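Enquirer: Here's a sequence, model it:
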Amino acid sequence: MDVIETLTTELTGSTARLLATAAGLTDADVSAPSRLPGWSRGHLLTHLSRNADSLVNLATWARTGVRTPQYPDPGTRDAQIEAGAVRPAKEQLADLEESAARLAGALAAMPAEGWSATVGGMRPPGHPAWYVLVRRVREVEMHHVDLGAGYECADWPEAFVRRDLHDAMVCWPHELSTVSEIVVEEVKDGDKHHQVWRELGSGPVLQGDAWALLGWLTGRSSGAGLRVMPEGAGGNRPAVADAGPLPAPPPWLTVLAPPHLPATPPEEYP
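Expert: Below is the predicted model of the structure:
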């Protein structure tokens, strides 16, 4: 199974879970606030639908070679979300289902060479078309949590967490960092291992499991379970006392995609 098959399977699962949650929402639920400041659940659901259609544009660009912007402009994007946010739950669900099906169809129609074409979103840099799949899985998983409707960071699939944490580290904003190291705790074959990301900037060391770290980094959890240690105290060094309160996370994914992605879809990513 190559990365296209793997990511397509992931996206199918993520979409099915989102649709199941959306199907359980009432009109009152949809009009209630989401976890994103200033947005109702209706705003989020509409955004997810319009995002799917915007990625159809990128798939069309990759397939035809004709530049097709993801969105006409930021103002149009925002206006579409505002206009759709007030719709009742039944209309929101139908739109979510239909837009997801349109995207699935556009991706299924992609010729092999199309996945290597460079496309771009509303922010640089451009990226190979296969990374559209990564972006859509991220969009669905993150905003599913933002709905505040029972799906939490702990429910994220392992492959998604591993990949998104990797991309966040590769795109790390060193000049705005609030930590010097991040230590990811992993358990493999019953043994605990540490993956250490060093030289991130200045500040304490943050250690914990990947789900808690990604939730903190993206502003989608309080960081409960994470350990704050003095600078230089991470990795496999002896345990030390906690070094104070959890810092605020730095800006998350300040660029659209990691630099230097391979044009040809790799066997796996990362």
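Enquirer: C-alpha from now on. contacts and neighbour counts both.
Expert: Noted.
Enquirer: List the buried residues for stretch 140-151?
Expert: Buried positions in stretch 140-151, judged by neighbour count with 16 or more other C-alpha atoms under 10 Å: 140-147, 149, 151.
Enquirer: what's the most distant pair in the residues you listed?
Expert: For the buried residues of stretch 140-151, with distances taken as C-alpha to C-alpha, the pair at the greatest spread is V140 and A149 (13.7 Å).
Enquirer: Tell me which entries of the buried residues of stretch 140-151 lie within helices.
Expert: Counting by DSSP state H, the part of the buried residues of stretch 140-151 found in helices is 140-146.
Enquirer: Could you single out the nearest of the residues you listed to P250?
Expert: For those, the residue nearest P250 by C-alpha to C-alpha is M142; the value is 17.1 Å.
Enquirer: All the strands of the stretch 51-200 of the chain, in order from the start?
Expert: Along the stretch 51-200 of the chain, the stretches classed as strands by DSSP state E, counting those that start in this stretch are 118-119, 127-128, 181-188, 191-197.
Enquirer: could I get those strands as TSV with distance to L58?
Expert: Formatted as TSV, the entries for the strands of the stretch 51-200 of the chain read as follows, by distance: least, C-alpha to C-alpha, whole Å:
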stretch	distance to L58
strand 118-119	6
strand 127-128	10
strand 181-188	34
strand 191-197	33
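Enquirer: nearest to G244, of these?
Expert: Between G244 and these, the shortest separation by C-alpha to C-alpha is 15.3 Å, and it involves strand 181-188.
Enquirer: what packs against the closest one?
Expert: The contact analysis (3 or more C-alpha pairs under 8 Å, 6 or more residues apart in numbering; DSSP states H and E) places strand 181-188 against strand 191-197, strand 205-209, helix 210-217.
Enquirer: 6 Å instead?
Expert: In this structure, strand 181-188 packs against strand 191-197, strand 205-209, with contacts taken as 3 or more C-alpha pairs under 6 Å, 6 or more residues apart in numbering; DSSP states H and E.
Enquirer: Confidence-wise, which of the ones you listed is weakest overall?
Expert: Ranked by mean pLDDT, the helices and strands packed on strand 181-188 end with strand 191-197 at the bottom, a mean of 87.
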